[in-house]
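[1] Fold the stuff below for me.
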Amino acid sequence: MNIKRRIISPKLLLILGIIGPGIITATVDNDAGGIATLSVAGAHFGYSMLWSLIPITILLIVVQEMCARTGAVTGKGHADLVRENFGVKITFFIMVGAAIANLSVTVAEFAGIASVASLFNMSKFIFVPLTAIFVAVVTLKFNYKRLEKFFLLFILFYFSYVISAFMAQPDWGQVAHEMVMPHIDFTASYLVVLIALIGTTITPWMQFYLQASIVEKGLGTKEYKYTKWDVILGCISTDVITFFVIVTCAAVLFTHGISVDSAGDAAKALAPLAGQGASLLFAIGLFGASLFGAFIVPISTVFYVCEAFGWESGVNKNFNEARKFYIMFFLILAFGAILVLLPWENLISLMLSAQLVNGLILPFALIPVLLVANNKRIMGEYANSKVTSVFTWICLIVLIGITALWLLQSIFGFLAA
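    The predicted model follows:
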């Protein structure tokens, strides 16, 4: 025992015990709909959107850090704070918008799982229901601590995208050039994908889940200096994966003029061009991303709804203690799985549309987060600095401007097609 204590210091044990919410929340950001969006971005626009990852990563870090800090200081979830400080009406409108987007994203997760079943020649009518049952049982049986450890294993799936990117043999010189010398295309299609890219990287549900998980894990201000690094490293790592997904599709698909509409299509198209190994790795990554999202997105949705109505919630509670929480969770899973099994042909469009909706409602979901984090009455010494506040407001204005530009283009068509 003494030897073990010497090998693993108490401080390291503390850090390992705190790590989780930030990395998990950021990593699952690259879920099925996210991978689909990134695949489309790389296949349709090559490396030209890589520049956006730098400002997006910075904004993601700022937003996630604010949410984690707010949860650690107040001990309350996002919806609780919105209801207490902005009233029931604002809470309700944010809840409805987030619920609609999250239901679409949940369907996207199961659409990704169905795509994986197709790639491996399995029946989606068996694979999708079994996956939904697996997600339901694990969430019901595991407490937060066990569930968090289980989620951390999912991160291993994402390394497949790094390997597949190198197997695609991109022109790294061109990649570096596009990162630092951006070419922005002000066409409607480019703006749509850019909004979807922002929407899949900085999503409203992430803020709900991160803050709720900080509270449920019982992390406070004493642990916050370590929680902050958990958040920062998670944000950086998820956008590194984003980078490699876009590079893979740009190097192989865009270069050969192959257009795809989903991550599943991208995995199939990679096989004859980059080899079966790259295709298999891309498919494995898609499965991990889809399954991960099938857990997190419904949980985050139910967290927000329960907080909004003041109902008992949390995976640390059993079914009898939080009936509404679990019943809504099961219903969302069933909705996503059943919808994917219906004979619809526009599920791929739904996956991309879900990310677009996230991008559209993101500024309005972030405004309450920023106002609470700025409030010294609530946050005390942990309130935002003037620099953080000004930077975030500028980013929100830019996001609203991009959204407005796209809406004007859609209505009046004043930009090039």
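
[2] residues contacting Asn30?
    38, 158, 200, 238, 241-242, 245, 289 (Cβ atoms under 8 Å, 6 or more residues apart in numbering). C-beta here means a position set from N, CA and C on the backbone, and glycine is covered the same way.

[3] Just the pLDDT at it, thanks.
    For Asn30, the pLDDT comes out at 79.

[4] Quickly note the distance from it to Phe120.
    21 Å (Cβ to Cβ, to the nearest Å).

[5] Phe93: which element?
    Assigned by DSSP states H and E, Phe93 belongs to helix 78-119.

[6] for Met206, same thing?
    Counting by DSSP H and E, Met206 is part of helix 204-217.

[7] By pLDDT, give me the weakest of the contacts of Asn30.
    Thr200 (74).

[8] Quick check: it touching Ala32?
    No. Thr200 is beyond contact range of Ala32, at 10.1 Å (criterion: Cβ atoms under 8 Å).

[9] who's more crowded, these two?
    Set Thr200 next to Ala32 and count neighbours by other Cβ atoms under 10 Å: Ala32 wins out with 34 against 29.

[10] Please tell me how far the more buried one sits from Ile23.
    Counting by Cβ to Cβ, the gap from Ala32 to Ile23 is 19 Å.

[11] can you check Tyr47 too?
    Taking Cβ to Cβ, one finds Tyr47 at 27 Å from Ile23.

[12] Look at the two and report which has more neighbours.
    Between Tyr47 and Ile23, counted using other Cβ under 10 Å, the more crowded position is Tyr47 (24 against 21).

[13] my read: the more buried one touches Val175, true?
    Yes. Between Tyr47 and Val175 there is a contact under Cβ under 8 Å: 5.5 Å.

[14] Overlap in contacts, the two.
    Joint contacts of Tyr47 and Val175 (Cβ under 8 Å, 6+ apart) are Val247.

[15] What's the local residue count around Val180?
    9.

[16] start the count at 387, not 1, going forward
    All right, first residue 387 from here; so that's Val566.

[17] Spatially nearest residue to it, not counting backbone neighbours?
    Trp437 (7.5 Å; Cβ to Cβ, 6 or more residues apart in numbering).

[18] Which residues are in contact with that neighbour?
    Counting by Cβ under 8 Å, 6+ apart, Trp437 touches 564-568, 570.

[19] between the helix holding Met592 and helix 464-505, how big is the angle?
    110 degrees (axes from the mean of the first three to the mean of the last three Cα atoms, to 10 degrees).

[20] Which is the succeeding secondary structure element to helix 590-603?
    Later in the chain than helix 590-603, the nearest helix or strand by DSSP H and E is helix 610-635.

[21] Identify each buried residue in that following helix, please.
    Neighbour-count burial for helix 610-635 flags 610, 612-614, 616-618, 620-621, 623-625, 627-635 (criterion: 16 or more other Cβ atoms under 10 Å).

[22] thinking again about what came up before, quick one: the contacts of Asn416 as TSV, columns for distance to Phe511 too.
    Listed next are these as TSV, based on distance: Cβ to Cβ, whole Å:
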residue	distance to Phe511
Leu424	28
Tyr544	28
Thr586	28
Thr624	32
Ile627	31
Thr628	32
Val631	28
Ala675	22
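
[23] ok, those residues vs Ala554, which is closest?
    Val631 (10.6 Å; Cβ to Cβ).

[24] and the closest residue to that closest one other than its chain neighbours, how many residues sit next to it?
    Of all residues not flanking Val631 in the chain, Leu424 sits nearest, at 4.2 Å (Cβ to Cβ, 6+ apart). Leu424 sits with 31 neighbouring residues when counted by other Cβ under 10 Å.

[25] I'd say Leu424 and Phe629 touch.
    No. The criterion here is Cβ under 8 Å, and Leu424 misses it with Phe629 at 9.2 Å.

[26] re earlier: angle of the helix holding Met592 against helix 610-635?
    150 degrees.

[27] could you point out where this protein is predicted with low confidence?
    Applying pLDDT under 70 to the chain flags the ranges 387-404, 645-661, 663-664, 730-745, 789, 791-803.

[28] And the residue nearest to Val631, how far from Ala458?
    Distance, Leu424 to Ala458, using Cβ to Cβ: 31 Å.

[29] Show the contacting residues for Met452.
    Contacts for Met452 (Cβ under 8 Å, 6+ apart) come out as 755-756, 759, 770, 774, 778.

[30] need these in a markdown table with distance to Gly463, neighbour count and secondary structure, can you?
    Conversion of these to a markdown table gives the following (distance: Cβ to Cβ, whole Å; neighbours: other Cβ atoms under 10 Å; DSSP: H, G, I helix; E, B strand; the rest coil):
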| residue | distance to Gly463 | neighbour count | secondary structure |
| --- | --- | --- | --- |
| Val755 | 12 | 20 | helix |
| Leu756 | 17 | 19 | helix |
| Ala759 | 14 | 24 | helix |
| Asn770 | 19 | 23 | coil |
| Thr774 | 21 | 16 | helix |
| Thr778 | 20 | 21 | helix |
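
[31] okay, the residues you listed in TSV with distance to Met592 next?
    Shown next, in TSV, are the contacts of Met452 (distance: Cβ to Cβ, whole Å):
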residue	distance to Met592
Val755	11
Leu756	15
Ala759	15
Asn770	19
Thr774	18
Thr778	15
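
[32] Among these, list the two that are farthest apart in space.
    Val755 and Thr774, at 12.0 Å, using Cβ to Cβ across the contacts of Met452.

[33] where do the helices sit along the stretch 637-786 of the chain?
    All helices of the stretch 637-786 of the chain, identified by DSSP state H, counting those that start in this stretch, fall at 649-660, 662-695, 709-727, 733-760, 762-765, 772-798.

[34] Can you say which of the ones you listed is nearest to Phe537?
    Using Cβ to Cβ as the measure, helix 662-695 is the one of those that comes nearest Phe537, at 7.0 Å.

[35] Give the burial count for Leu467, as a bare number.
    Counted with other Cβ under 10 Å, residues neighbouring Leu467 total 23.

[36] what do you get for the one 10 residues further on?
    Other residues near Thr477 number 23, with proximity taken as other Cβ under 10 Å.

[37] how close does it sit to Arg709?
    Using Cβ to Cβ, Thr477 is found at 22 Å from Arg709.
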